[in-house]
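J.: I would like to see how this sequence folds:
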Amino acid sequence: MRCRYLIFFQYAGTKFSGVMKTPPHQGGEGVQNFLEDAVRKLRPVNQVSVSISSRTDTGVHALCNSAHVDIQRKDGRAPFEEDVLVDALNHHLKPEPIRVIRAHHVPGDFNARYQAVSRTYVYRLATGAPHITLMPVTESGLCWSLRDTELDVDAMRRAATVLQGTHDFSSFRAINSETPFKNPLKTLDVVEMQPGTSFTQQHFYRDIQFWELTFKSRSFLYKQVRRMTGALVAVGRGKQSVSQVGELLEARDSLLYPQNTAAPPHGLFLTRVEYREAGER
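T.: Numbering: from 1, shown residues only. Alright, predicted model coming up:
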């Protein structure tokens, strides 16, 4: 009996070429390569294909991504229990920085990508370290360290309200092969900036302030979150005004997005993928 599972998994994206599978002739490997290898080691009789819900780019992390996968055991054996499947996959994923955190039995026509009702990303910023070498090693590759000691947080929050709601986000997407087929009209349910936390704040000698930018929508365009983050940081640094963010949004032209403004990938985390059924994080 073939059984479809919805799995939730997390990973540190530093070493991967994104979450999606890469072909053998390309350098680097995606998280999907390792997930599919782990499923194959369970020796299913069906061809293995892990269908990822939410694409993340090279260097981007996830505390909760999701996917669906079909597994049919040989000799008519009963389907894996959910907790047994989680343990078995994690056994085969060692020592990679990838962990399956939950699994759910779902109907055979369930689709992890198209049935997701929202995705939440958090971008982590740090201020107070004039150079990356002065950041605690535990934060290496996990936040964007800004040389600025202070940001104009009020202005950033005003700019965030400009982005919230339903808009054509063409100016905030990067161009790729899928651009002609993606509707640039998106609804951002949440765009907010709040103080962040880190274990090191209590124990590190330097006064570093962490911030978290949160974005929630059903779906996002290619590099949209990193480009929105970069624009908001530019406002916080006084390099761009709130009204200029509005003008950029209204222009609906990706070529007008200022060069070298997009936030780097290592501060970005996919933190939540939600569904109406089959459980949610």
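J.: With adjacent residues omitted, what lies nearest to Lys182?
T.: Computed as C-beta to C-beta, 6 or more residues apart in numbering, the closest residue to Lys182 that is not its neighbour in sequence is Leu221, at 6.1 Å. For glycine as for every other residue, the C-beta is placed from the backbone atoms N, C-alpha and C.
J.: ok, now which ones touch Arg40?
T.: Val48 (C-beta atoms under 8 Å, 6 or more residues apart in numbering).
J.: Please report how far it lies from Gln224.
T.: Going from Arg40 to Gln224 by C-beta to C-beta, to the nearest Å gives 34 Å.
J.: Can you list the low-confidence ranges for the stretch 151-281 of the chain?
T.: 177, 179, 277-281 (pLDDT under 70).
J.: As a check, name the ranges of all strands in it.
T.: 165-168, 185-195, 209-217, 268-275 (DSSP state E, counting those that start in this stretch).
J.: Quick one: residues in contact with the shortest one.
T.: Residues from elsewhere that reach strand 165-168, judged by C-beta under 8 Å, 6+ apart: Pro184, Leu185, Lys186, Thr187, Leu188, Leu249, Arg252.
J.: Neighbours of the first one, how many?
T.: Counted by other C-beta atoms under 10 Å, the residues lying close to Pro184 total 16.
J.: Pull the contacting residues for the nearest residue to it once chain neighbours are set aside.
T.: Here the nearest residue to Pro184 in space, its sequence neighbours aside, is Ser170; by C-beta to C-beta, 6+ apart that works out to 4.3 Å. Neighbouring residues of Ser170 by C-beta under 8 Å, 6+ apart: Pro184, Arg252, Asp253, Ser254.
J.: ok, the first one touching Arg173?
T.: Yes - contact criterion C-beta atoms under 8 Å: Pro184 and Arg173 qualify, at 6.4 Å.
J.: and the contacts of strand 165-168 as TSV, adding distance to Ser140?
T.: Shown next, in TSV, are the contacts of strand 165-168 (distance: C-beta to C-beta, whole Å):
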residue	distance to Ser140
Pro184	35
Leu185	38
Lys186	32
Thr187	35
Leu188	30
Leu249	33
Arg252	37
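J.: just the strands of the stretch 151-281 of the chain: most buried one?
T.: Highest mean neighbour count of the strands of the stretch 151-281 of the chain: strand 268-275, a mean of 22 (counted as mean count of other C-beta atoms under 10 Å).
J.: That one - contacts with which helices or strands?
T.: Strand 268-275 is packed against strand 61-72, strand 116-127, helix 224-236, with contacts defined by 3 or more C-beta pairs under 8 Å, 6 or more residues apart in numbering; DSSP states H and E.
J.: winner for burial among those?
T.: Of the helices and strands packed on strand 268-275, helix 224-236 is the most buried (mean count of other C-beta under 10 Å), at a mean of 25.
J.: Distance from the chain centre to it, please.
T.: Distance of helix 224-236 from its chain centroid, counting by C-alpha atoms, centre = their mean, to the nearest Å, is 16 Å.
J.: same check, this time on stretch 155-167
T.: For stretch 155-167, the distance to the chain centre is 20 Å (C-alpha atoms, centre = their mean).
J.: Stretch 118-137 now?
T.: Centroid separation for stretch 118-137 versus its chain: 15 Å, with C-alpha atoms, centre = their mean.
J.: begin at 678 from here
T.: Will do, 678 is the new start, and the previous item becomes stretch 795-814.
J.: For it, the averaged confidence score.
T.: Mean pLDDT, stretch 795-814: 91.
J.: cool, and stretch 732-744?
T.: In the prediction, stretch 732-744 has an average pLDDT of 97.
J.: quick one: secondary structure of the residue of the chain most remote from its centre?
T.: Each residue of the chain has a distance to the centre, and by C-alpha atoms, centre = their mean the biggest one is for Asp752: 38.6 Å. Three-state assignment for Asp752 (DSSP: H, G, I helix; E, B strand; the rest coil): helix.
J.: Please consider this matter closed, and thank you.
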